[in-house]
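Undergrad: what would the 3D arrangement of this be:
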Amino acid sequence: MKYILTVAAILVVAFGVAGIVLGEADDSPGLQLLGVVLVLGAVAFGIRNLRGGS
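TA: Below is the predicted model of the structure:
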């Protein structure tokens, strides 16, 4: 179960990076910010999940 959540976090990072790239192409600072928030949140969740935090 732990690895399924980690894979989900990796997918969210991919969506966040896509949001950053598409926000840059469209010159949309809101989409870029949303992408950064998604990436940072998913990385924090993934690290916490792998370390066994509750």
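Undergrad: can you pull out the strands in this protein?
TA: Secondary structure of the chain (DSSP state E): no strands present.
Undergrad: where does pLDDT dip in it?
TA: Along the chain, segments meeting pLDDT under 70 span 53-54.
Undergrad: show me which helix runs longest in it.
TA: Using DSSP state H to define each element, the chain has its longest helix at helix 2-26.
Undergrad: what's next to that one, contact-wise?
TA: If you take CB atoms under 8 Å, 6 or more residues apart in numbering as the criterion, helix 2-26 is touched by 28-39, 41-43, 45-46, 49-50. Every C-beta, even on glycine, is put in place using the N, C-alpha and C of the backbone.
Undergrad: just the ones in helices from these, please.
TA: Among the contacts of helix 2-26, DSSP H puts 29-39, 41-43, 45-46, 49-50 in helices.
Undergrad: just the buried members of those?
TA: With burial judged by 16 or more other CB atoms under 10 Å, the buried subset of those is Leu31, Gln32, Leu34, Gly35, Leu38, Val39, Ala42, Phe45, Gly46, Asn49.
Undergrad: the closest residue to the first one other than its chain neighbours: neighbouring residues, count only.
TA: Closest residue to Leu31 apart from its sequence neighbours, by CB to CB, 6 or more residues apart in numbering: Gly23 at 3.3 Å. Summarising burial for Gly23: neighbours were counted as other CB atoms under 10 Å, giving 18.
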